[in-house]
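> 3D, please:
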Amino acid sequence: MSRKAAKKRRQTVKPKGIFCIEGSWTGRIDKPMSVRPALELLGQWDPFNIPFSHRDVITRAEFEVYLKKWCQVGNQKKYPILYIALHGDTDELYLGDGRKSENTVTLDELEDMLSGQCHRRIIHLGSCGTMNVHGRRLNRFLRNTRALAVCGYCEDVLWLDSMAFELMVFGAMQLNSLTRPGAKAMSRRIFNKKKSGEMARSLGFRMVIA
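Residues are numbered from 1 along each chain as shown. Model prediction:
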(Lines give C-alpha, C1' and ligand atoms only; values in the text may rest on other atoms or scores of the structure.)
Protein backbone atom coordinates (compact mmCIF):
# COMPACT_ATOMS: atom_id res chain seq x y z
CA MET A 1 0.00 0.00 0.00
CA SER A 2 1.43 3.39 -1.00
CA ARG A 3 1.73 6.21 1.55
CA LYS A 4 -1.00 8.13 -0.25
CA ALA A 5 -3.34 5.12 -0.19
CA ALA A 6 -2.48 4.44 3.46
CA LYS A 7 -3.30 8.01 4.44
CA LYS A 8 -6.62 7.84 2.58
CA ARG A 9 -7.47 4.51 4.22
CA ARG A 10 -6.62 5.92 7.67
CA GLN A 11 -8.97 8.82 7.09
CA THR A 12 -11.91 6.69 5.96
CA VAL A 13 -11.76 3.61 8.20
CA LYS A 14 -11.23 3.64 11.96
CA PRO A 15 -9.13 0.76 13.36
CA LYS A 16 -11.20 -1.99 14.99
CA GLY A 17 -9.51 -3.17 18.15
CA ILE A 18 -9.31 -6.80 19.22
CA PHE A 19 -10.05 -8.12 22.72
CA CYS A 20 -8.43 -11.54 23.03
CA ILE A 21 -9.15 -14.13 25.70
CA GLU A 22 -6.61 -16.95 25.41
CA GLY A 23 -6.38 -20.27 27.19
CA SER A 24 -3.45 -22.60 27.78
CA TRP A 25 -2.53 -24.57 24.66
CA THR A 26 -0.10 -27.10 26.14
CA GLY A 27 -0.47 -27.01 29.93
CA ARG A 28 3.34 -26.94 30.17
CA ILE A 29 5.25 -24.02 31.69
CA ASP A 30 8.39 -24.84 29.69
CA LYS A 31 6.62 -24.64 26.31
CA PRO A 32 4.69 -21.37 26.16
CA MET A 33 2.44 -20.81 23.15
CA SER A 34 0.49 -17.63 22.60
CA VAL A 35 -1.33 -15.70 19.90
CA ARG A 36 -0.04 -12.46 21.42
CA PRO A 37 2.88 -12.04 18.93
CA ALA A 38 0.34 -12.10 16.07
CA LEU A 39 -1.66 -9.38 17.81
CA GLU A 40 1.53 -7.36 18.31
CA LEU A 41 2.25 -7.66 14.60
CA LEU A 42 -1.21 -6.32 13.79
CA GLY A 43 -0.54 -3.51 16.25
CA GLN A 44 2.44 -2.47 14.12
CA TRP A 45 0.56 -2.67 10.80
CA ASP A 46 0.39 0.78 9.25
CA PRO A 47 -1.99 2.51 8.67
CA PHE A 48 -4.25 0.71 11.17
CA ASN A 49 -1.95 -0.11 14.10
CA ILE A 50 -4.76 -2.24 15.47
CA PRO A 51 -5.20 -1.78 19.23
CA PHE A 52 -5.58 -4.96 21.23
CA SER A 53 -6.05 -6.22 24.77
CA HIS A 54 -4.85 -9.74 25.56
CA ARG A 55 -5.86 -11.73 28.65
CA ASP A 56 -4.77 -15.25 29.66
CA VAL A 57 -7.33 -17.47 31.36
CA ILE A 58 -7.19 -20.92 32.92
CA THR A 59 -10.46 -21.17 34.81
CA ARG A 60 -14.07 -20.65 33.83
CA ALA A 61 -14.36 -17.91 36.46
CA GLU A 62 -11.54 -15.95 34.80
CA PHE A 63 -13.16 -16.47 31.40
CA GLU A 64 -16.48 -15.08 32.63
CA VAL A 65 -14.82 -12.08 34.32
CA TYR A 66 -13.07 -11.01 31.12
CA LEU A 67 -16.19 -11.54 29.02
CA LYS A 68 -18.04 -9.20 31.36
CA LYS A 69 -15.25 -6.63 31.09
CA TRP A 70 -15.39 -6.79 27.30
CA CYS A 71 -19.16 -6.27 27.39
CA GLN A 72 -18.69 -2.89 29.05
CA VAL A 73 -19.59 -0.15 26.56
CA GLY A 74 -16.22 1.61 26.67
CA ASN A 75 -14.28 -1.60 26.10
CA GLN A 76 -16.51 -2.75 23.25
CA LYS A 77 -16.19 0.63 21.55
CA LYS A 78 -12.39 0.32 21.53
CA TYR A 79 -12.31 -3.44 20.90
CA PRO A 80 -15.32 -4.38 18.73
CA ILE A 81 -13.75 -7.72 17.76
CA LEU A 82 -13.85 -10.46 20.41
CA TYR A 83 -11.20 -13.13 19.77
CA ILE A 84 -11.60 -16.30 21.86
CA ALA A 85 -8.45 -18.39 21.46
CA LEU A 86 -9.05 -21.77 23.11
CA HIS A 87 -9.06 -25.46 22.37
CA GLY A 88 -12.47 -26.69 21.26
CA ASP A 89 -14.68 -29.18 19.51
CA THR A 90 -18.13 -29.16 17.93
CA ASP A 91 -20.34 -26.69 19.85
CA GLU A 92 -17.76 -26.41 22.67
CA LEU A 93 -14.81 -24.42 23.99
CA TYR A 94 -12.27 -25.88 26.42
CA LEU A 95 -10.48 -24.10 29.26
CA GLY A 96 -7.44 -26.07 30.38
CA ASP A 97 -8.16 -29.78 30.57
CA GLY A 98 -11.18 -30.30 28.33
CA ARG A 99 -11.84 -33.71 29.85
CA LYS A 100 -13.24 -32.01 32.95
CA SER A 101 -16.83 -30.80 32.62
CA GLU A 102 -16.16 -27.64 34.63
CA ASN A 103 -13.64 -26.58 31.94
CA THR A 104 -16.14 -26.82 29.08
CA VAL A 105 -18.11 -23.83 27.77
CA THR A 106 -20.82 -24.71 25.27
CA LEU A 107 -22.18 -22.34 22.63
CA ASP A 108 -25.41 -22.21 24.65
CA GLU A 109 -23.47 -21.04 27.69
CA LEU A 110 -21.43 -18.52 25.72
CA GLU A 111 -24.66 -17.23 24.21
CA ASP A 112 -26.13 -16.75 27.69
CA MET A 113 -23.00 -14.94 28.90
CA LEU A 114 -23.16 -12.51 25.98
CA SER A 115 -26.95 -12.26 25.71
CA GLY A 116 -28.02 -8.96 24.16
CA GLN A 117 -24.61 -7.33 24.65
CA CYS A 118 -22.87 -7.60 21.27
CA HIS A 119 -24.59 -5.07 19.00
CA ARG A 120 -22.47 -4.50 15.88
CA ARG A 121 -19.66 -6.65 17.24
CA ILE A 122 -17.78 -9.56 15.66
CA ILE A 123 -16.93 -12.73 17.56
CA HIS A 124 -14.12 -14.94 16.30
CA LEU A 125 -13.86 -18.41 17.82
CA GLY A 126 -10.26 -19.45 17.27
CA SER A 127 -10.86 -23.05 18.34
CA CYS A 128 -10.98 -26.37 16.53
CA GLY A 129 -14.39 -27.44 15.24
CA THR A 130 -16.61 -25.20 17.38
CA MET A 131 -18.42 -23.79 14.33
CA ASN A 132 -19.33 -27.27 13.06
CA VAL A 133 -23.01 -26.86 13.95
CA HIS A 134 -26.19 -26.22 11.98
CA GLY A 135 -26.64 -22.76 10.50
CA ARG A 136 -29.87 -22.29 12.45
CA ARG A 137 -27.90 -22.73 15.67
CA LEU A 138 -25.46 -19.99 14.70
CA ASN A 139 -28.25 -17.68 13.57
CA ARG A 140 -29.85 -18.11 16.99
CA PHE A 141 -26.52 -17.25 18.60
CA LEU A 142 -26.35 -14.05 16.56
CA ARG A 143 -29.96 -13.17 17.25
CA ASN A 144 -29.69 -13.63 21.02
CA THR A 145 -26.29 -11.95 21.45
CA ARG A 146 -27.14 -9.27 18.85
CA ALA A 147 -23.67 -9.77 17.33
CA LEU A 148 -23.04 -8.68 13.76
CA ALA A 149 -21.13 -11.85 12.86
CA VAL A 150 -19.55 -14.96 14.31
CA CYS A 151 -16.72 -16.84 12.64
CA GLY A 152 -14.34 -19.70 13.29
CA TYR A 153 -13.48 -23.24 12.26
CA CYS A 154 -15.56 -26.29 11.46
CA GLU A 155 -12.57 -28.63 11.53
CA ASP A 156 -9.43 -29.37 13.54
CA VAL A 157 -6.73 -26.88 12.53
CA LEU A 158 -2.98 -26.70 12.95
CA TRP A 159 -2.04 -23.92 15.35
CA LEU A 160 0.53 -22.18 13.12
CA ASP A 161 -1.72 -22.40 10.04
CA SER A 162 -4.59 -20.81 11.92
CA MET A 163 -2.30 -18.03 13.20
CA ALA A 164 -1.19 -17.13 9.68
CA PHE A 165 -4.77 -17.20 8.44
CA GLU A 166 -6.10 -15.09 11.30
CA LEU A 167 -3.70 -12.29 10.41
CA MET A 168 -5.53 -12.12 7.08
CA VAL A 169 -8.96 -12.41 8.72
CA PHE A 170 -8.36 -9.58 11.18
CA GLY A 171 -6.79 -7.54 8.40
CA ALA A 172 -9.88 -7.97 6.23
CA MET A 173 -12.07 -6.88 9.13
CA GLN A 174 -10.32 -3.50 9.21
CA LEU A 175 -11.34 -2.53 5.71
CA ASN A 176 -15.11 -2.18 6.06
CA SER A 177 -17.69 -0.80 8.46
CA LEU A 178 -19.38 -2.73 11.26
CA THR A 179 -22.64 -3.04 9.36
CA ARG A 180 -24.28 -5.95 7.57
CA PRO A 181 -23.04 -4.77 4.13
CA GLY A 182 -19.61 -4.16 5.68
CA ALA A 183 -19.49 -7.65 7.16
CA LYS A 184 -20.48 -9.16 3.82
CA ALA A 185 -17.64 -7.23 2.18
CA MET A 186 -15.24 -8.58 4.84
CA SER A 187 -16.38 -12.12 4.09
CA ARG A 188 -15.87 -11.60 0.35
CA ARG A 189 -12.35 -10.28 0.98
CA ILE A 190 -11.51 -13.41 2.96
CA PHE A 191 -13.05 -16.00 0.63
CA ASN A 192 -12.43 -14.39 -2.77
CA LYS A 193 -8.75 -13.53 -2.44
CA LYS A 194 -6.55 -16.35 -3.67
CA LYS A 195 -4.37 -17.01 -0.60
CA SER A 196 -6.92 -16.35 2.13
CA GLY A 197 -9.64 -18.14 0.16
CA GLU A 198 -7.53 -21.27 -0.23
CA MET A 199 -6.68 -21.24 3.48
CA ALA A 200 -10.29 -20.59 4.48
CA ARG A 201 -11.42 -23.68 2.60
CA SER A 202 -8.57 -25.90 3.81
CA LEU A 203 -9.13 -24.87 7.45
CA GLY A 204 -12.90 -25.20 7.32
CA PHE A 205 -13.36 -21.50 8.12
CA ARG A 206 -16.92 -20.24 8.37
CA MET A 207 -18.36 -16.75 8.82
CA VAL A 208 -22.04 -16.27 9.58
CA ILE A 209 -23.53 -12.77 9.39
CA ALA A 210 -26.69 -11.65 11.16
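
> all contacts plus neighbour counts: C-alpha atoms, from now on.
OK.

> What are the buried residues along the biggest helix by length in the chain?
Counting by DSSP state H, the longest helix found in the chain is helix 159-173. Judged by neighbour count (16 or more other Cα atoms under 10 Å), helix 159-173 contains these buried residues: 162, 163, 165, 166, 168, 169, 170, 171, 172, 173.

> Just the closest of those residues to residue 115, please.
residue 173 (22.9 Å; Cα to Cα).

> pLDDT at residue 79, what is it?
For residue 79, the pLDDT comes out at 98.

> And the one 3 residues further on, by the same measure?
Among the per-residue scores, residue 82 shows a pLDDT of 98.

> same check, this time on the one 4 residues further on
We note a pLDDT of 96 for residue 86 in this prediction.

> quick one, what contacts the spatially most central residue of the chain?
Of all residues in the chain, the one closest to the mean position by Cα atoms, centre = their mean is residue 124, 2.3 Å from it. Listed by Cα atoms under 8 Å, 6 or more residues apart in numbering, the contact partners of residue 124 are 81, 82, 83, 84, 150, 151, 152.

> Contacts only, for the fifth one.
Which is residue 150. Residues in contact with residue 150 (Cα under 8 Å, 6+ apart) are 122, 123, 124, 125, 138, 142, 207, 208, 209.

> now the helices for the protein?
Counting by DSSP H, the helices of the chain are 3-12, 36-43, 60-70, 73-78, 107-113, 135-145, 159-173, 180-192, 194-203.

> Can you add distance to residue 53 and give those back as a markdown table?
As requested, these are exported to a markdown table (distance: least, Cα to Cα, whole Å):
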| stretch | distance to residue 53 |
| --- | --- |
| helix 3-12 | 21 |
| helix 36-43 | 9 |
| helix 60-70 | 10 |
| helix 73-78 | 10 |
| helix 107-113 | 20 |
| helix 135-145 | 21 |
| helix 159-173 | 14 |
| helix 180-192 | 22 |
| helix 194-203 | 25 |
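
> Compare the ones you listed and give me the one nearest residue 21.
That would be helix 60-70 among these, by Cα to Cα, at 7.4 Å.

> Next, the buried residues of the closest one.
Neighbour count says helix 60-70 has 63, 66, 67, 70 buried, by 16+ other Cα under 10 Å.

> per-residue confidence at residue 70?
Here the pLDDT value assigned to residue 70 is 98.

> right, and residue 157 touches residue 200 too?
No - look at residue 157 against residue 200 with Cα atoms under 8 Å: they stay out of range, at 10.8 Å.

> Now do the residue nearest to the centre of the chain against residue 28, distance only.
25 Å (Cα to Cα, to the nearest Å).

> on that earlier part again, quick one: work out the angle between the longest helix of the chain and helix 36-43.
20 degrees (axes from the mean of the first three to the mean of the last three Cα atoms, to 10 degrees).

> what's next to helix 159-173, contact-wise?
16, 35, 38, 42, 126, 183, 186, 189-190, 196, 199-200, 203.
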